[in-house]
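1. Model the structure of this input:
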Amino acid sequence: MLWTTCSIAVSAHGTTLDTMRNTTVPKRMTLNLLQAYGDQRSTYENFSPEGRLHIVCPHCRALVVLFETLEPKVRSEIATLRRGGQAANAVRVLRQTSGCDLRQAKANVLHIREAASRCHKCQNTLPPGALLCSQCMSVNLDW
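-> Reported below is the predicted structural model:
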């Protein structure tokens, strides 16, 4: 993996980033991407977490709700459907069980990691429980 060195300073509201030199980040997360990720206004204009635990994907800027209260059995069913090529059914089950809207369900189903603990975006192998891919910085739900 290629790495680059930079450091970031985030304002109190997390909306601006000043670049300096010091912190190691994956090369794909360039300084421009770090600056763009720092401004998350458009994400919150299009998605509403409604007080739920969530993360904004650095790669695509989708707001991914963690659904910490969703039963493990339901999570497993949704992940099995997604990995089996039945994303539409996975979205339907997530909407029925969580009450989220279509946009939120699609965002979540898209971010479920592939079989064999692989990133849904770049197919990089991820350790169990990892939320961000170290290669492409995509959110990966370990359901």
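
2. low-scoring stretches of the chain, by residue?
-> Applying pLDDT under 70 to the predicted model, the residue ranges of the chain that meet it are 1-49.

3. now do 50
-> Residues of the chain meeting the criterion pLDDT under 50: 1-25.

4. got a list of what Asn108 touches?
-> Residues in contact with Asn108, defined by Cβ atoms under 8 Å, 6 or more residues apart in numbering, are 64-65, 67, 94, 100, 141. Yep, even glycine has a C-beta here, placed from its N, CA and C like the rest.

5. where exactly do the strands run in this structure?
-> Under the criterion DSSP state E, strands of the chain are mapped to 3-10, 17-26, 54-56, 63-65.

6. on contacts alone, who are the packing partners of the third one?
-> This points to strand 54-56. With contacts defined as 3 or more Cβ pairs under 8 Å, 6 or more residues apart in numbering; DSSP states H and E, the packing partners of strand 54-56 are strand 63-65.

7. picking up where we left off before, how about the contacts of Asn108, which pair is most distant?
-> Greatest spacing in the contacts of Asn108, by Cβ to Cβ: Cys100 and Leu141 (13.6 Å).

8. can you redo the contacts of Asn108 as JSON lines with neighbour count?
-> Converted to JSON lines, those look like this (neighbours: other Cβ atoms under 10 Å):
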{"residue": "Val64", "neighbour count": "23"}
{"residue": "Val65", "neighbour count": "23"}
{"residue": "Phe67", "neighbour count": "21"}
{"residue": "Leu94", "neighbour count": "28"}
{"residue": "Cys100", "neighbour count": "19"}
{"residue": "Leu141", "neighbour count": "21"}
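
9. Quick check: Pro72 vs Leu63, distance?
-> Noted for Pro72: a distance of 23 Å to Leu63, by Cβ to Cβ, to the nearest Å.

10. which one is Glu68 nearest to, not counting chain neighbours?
-> With sequence-adjacent residues excluded and distances taken as Cβ to Cβ, 6 or more residues apart in numbering, Glu68 is closest to Leu53, at 5.5 Å.
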